[in-house]
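*Asks:* Show me the folded form of this:
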Amino acid sequence: MAILHSSGISFAASFALIILDRTCSCLQFAYPSFDTPNSADFNFSAGSGIADGSLQITPSTGDTSHRSGRVLYARETLKLWNSRRSAPTSFMTEFVLNIVPQNGSGEGMAFILTNNPPLPSNSSGQWLGICNNRTDGDPKNRIVAVEFDTSKSDNEADGNHVGLDVNSIRSLEPYPLSNVSLILSSGADVRVSITYDATAPSLTAYLVQIDATGLHIGSQAWPFDISPFLLDDIYVGFAGSTGDFTELNQIKSWNFTTINDDVERRHGRKVLLPLVILLVFAACSVLVFFVWRRSTRQRRLAYRNLEMMIDAHGPVRFKLKELRHATASFSSSRKLGRGGFGTVYHGYLSSMNMEVAVKRVAANNNANSNRGEQEFVAEVNTISKLSHRNLVKLIGWCHEGGELLLVYEYFPMGSLDKLLYAGVDRPASPSTPPPETAADDMPELTWERRYKIICGVASALEYLHHGSSKRILHRDVKASNVMLDEEYNARLGDFGLARVIQLDEVTHHSTQAVAGTRGYMAYECFFTGRASLDTDVYAFGVFVMEVLTGRNPSSSVTYHNYQDHCHNAGGQRGQPMYIVDWMWRHYDEGTVLEAADAVLGGAYDDDQVERAARLALACCHPSPRERPSMRTAVQVLVGGAPAPEPPFEKPAFVWPPDGKQQEIELPHVGVLFTGAQLGSCSMTSTPITGR
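*Replies:* I've put the predicted structure just below:
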């Protein structure tokens, strides 16, 4: 008989269990939700648990990056054969998974059947808590999994798919869910039904999702026999992992039932099983229809309000049909990159005979469902009024059918970070996937080109701060937001975090919420929660160091040749430190030229390197009042003003800057904000004020 752990099961699930109880073999349970008392029914790996009525497969608090987890049903195991050992066991399971991206999507989760319940070591990232780089493909793993992947790995063609894994993470016949517009990491519930028919044998997965765009259904069947890969006493449950990008991997409900496979009942079960599945999904579909109908009305009203917020007359308003055609329905093969607020696709507009880059804004980027719309409106309203040779041009936009789309001019060279980190021993930028082009095929990023790029970005920021009709804060200056044309002219883009501030008689302007990327954020952001012209200048200083050294600002660097004295980054010889402290150490010892990217092989202009390094350090001065304006920065770069002379020892951070408080020594801002505090190192935007 079934063991029901709650009386609140859905009608469809109850009906299915009543019918299947006539042929039930041994394992059956149903959880419409999860509470603390249910904890005894499961085996949790470290960091996993129950929270907010759901099974949390990977940690939901603390450090959530590069973690893996497993949750397995503990009260009973699944038997590979029925009680008479006359036939293999069939089963059906249904659950609701919910994947909420925190700073991007990665890596995914899986439903697993295994004889080895412990979580493998080093199974985070692409390994999904299933195996690791040493055990991948090892038959001793004794694991079969249906994976729900949210991040593209090296051996995969699509980063949003369902696949069958056997002792490995290499999926058998993965099914790309983007084909049916079902996005696993959208934050919307996905109802999954998995059926294993032991007599066929075959394994089938059905997925249903309802979101702002409507109803999405996907299914995939694999001819597959689990018996060669698993032994008796099988643990059933879930596994998942995160990498650089983090997400909440949750199971909100779960029911499971086995079906007796006696020979005399095989024919009846073959008829009964599809009928049960049909009844379950019919009941779900009716519910989904009514929810979708109500949400459609609400969405229409919300989009009318959003349209009233858009104040853009230059860019073209495209139809969704035209942009779908231009991007092959947002095919994964057209994907150019992914950022914190959306994915960018390569497209071709036949009506305009031009290649474009189409940014698909993630409307449900985090728990705040309005976040994507806010970034969309901010980007359209801001960039549509700008005109500068070093800014990415907005061609058009579209908001239709639940989609928020921005259309930009296309740059075949791509973003700067892909060239900067093309070397095999170079860490990639955390906001974009590694380049698919081999390092040997990448254009050479000479010092002349790098200096031209630095000057271009400085000119763009000077225009935003001082040259446009309204003063604008970019708030996310970094290499991955700098596009390059064929002549290596820099084009600053991604204005999703940009904000307009009023011009008045005061000299300092700020927003009431800080945003940006780890490693580029100024010290005072931690205390004020505000962004200003000074914080843009700080980010530009870090950007200059990044281009000069070829080092990732979000990763630590080991310094090997400083003398006996120590400073804020202090420590022993070989101590890791972040790029600002690292550059300051070189400047202190008169070895700035040694900080230049080794890829350059010494082929650079000594005066330009010295000038750029001094300017970068001045821009990253701990006191915002000591930083130069972007207008001064441009003059320094073109030789119209002398290079700054920052102090040889990095000054201590003092807050407030009037000096009345004691000095505060802090680690680099790259580690001040954890994923738990800021998600993608950005905070919710709020209205702008001056102070």
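*Asks:* can you map out the strands along the stretch 401-550 of the chain?
*Replies:* Along the stretch 401-550 of the chain, the stretches classed as strands by DSSP state E, counting those that start in this stretch are 403-409, 471-473, 482-484, 490-492, 499-501, 509-511.
*Asks:* mind checking which of the ones you listed is nearest residue 633?
*Replies:* Relative to residue 633, the nearest member of those by C-beta to C-beta is strand 490-492, separated by 13.9 Å. To be clear about C-beta, it is placed using only N, CA and C from the backbone, and glycine gets the same treatment.
*Asks:* got a list of contacts for that closest one?
*Replies:* The set of residues external to strand 490-492 that reach it, using C-beta atoms under 8 Å, 6 or more residues apart in numbering, is 390-392, 411, 416, 452-457, 460-461, 474, 477, 481-485.
*Asks:* any idea how far residue 238 is from residue 130?
*Replies:* Distance of residue 238 to residue 130, given as C-beta to C-beta, to the nearest Å: 11 Å.
*Asks:* Quickly list what's touching both of those two.
*Replies:* Common neighbours of residue 238 and residue 130, counting by C-beta under 8 Å, 6+ apart, are 110, 112.
*Asks:* Check whether residue 585 sits in a helix, strand or coil.
*Replies:* Reducing the assignment to helix, strand or coil with DSSP: H, G, I helix; E, B strand; the rest coil, the entry for residue 585 is helix.
*Asks:* how does the chain divide up, domain by domain?
*Replies:* Segmentation of the chain into domains, based on automatic domain parsing, reads 3-291, 320-410, 444-690.
*Asks:* tell me the average confidence for the longest one?
*Replies:* Rounded to a whole number, the mean pLDDT of domain 3-291 is 83.
*Asks:* OK, contacts around the closest residue to residue 449 other than its chain neighbours?
*Replies:* Nearest residue to residue 449 in three dimensions, chain neighbours excluded: residue 488, at 4.4 Å (C-beta to C-beta, 6 or more residues apart in numbering). Residues near residue 488 by C-beta under 8 Å, 6+ apart: 413, 449, 452-453.
*Asks:* how close does residue 488 sit to residue 132?
*Replies:* Noted for residue 488: a distance of 41 Å to residue 132, by C-beta to C-beta.
*Asks:* So for residue 233, what's the nearest residue that isn't a sequence neighbour?
*Replies:* Excluding the flanking residues, the one nearest residue 233 by C-beta to C-beta, 6+ apart is residue 77, at 4.4 Å.
*Asks:* What of residue 392?
*Replies:* That would be residue 493: by C-beta to C-beta, 6+ apart, it lies 3.3 Å from residue 392.
*Asks:* And for residue 172?
*Replies:* The shortest distance from residue 172 to any residue that is not its chain neighbour, by C-beta to C-beta, 6+ apart, is 4.5 Å, and that residue is residue 164.
*Asks:* Return the list of strands paired to the helix or strand where the one you found lies, each annotated with direction.
*Replies:* Secondary structure assignment for residue 164, by DSSP states H and E: strand 161-166. For strand 161-166, the pairing partners within the sheet under DSSP bridges are strand 143-149 (antiparallel), strand 172-176 (antiparallel).
*Asks:* what comes into contact with that strand?
*Replies:* Around strand 161-166, the neighbours that count as contacts under C-beta under 8 Å, 6+ apart are 110, 128, 130, 143-149, 171-177, 203, 205, 207, 218, 220, 222, 224, 229.
*Asks:* Quick one: distance of that strand to the chain centre.
*Replies:* The gap between the average C-alpha position of strand 161-166 and the chain average comes to 21 Å, counting by C-alpha atoms, centre = their mean, to the nearest Å.
*Asks:* List the buried residues in it.
*Replies:* Within strand 161-166, the residues scored as buried using 16 or more other C-beta atoms under 10 Å are 161-166.
*Asks:* So for the protein, the centremost residue is which one?
*Replies:* In the chain, the C-alpha closest to the average C-alpha coordinate belongs to residue 104, at a distance of 1.1 Å (C-alpha atoms, centre = their mean).
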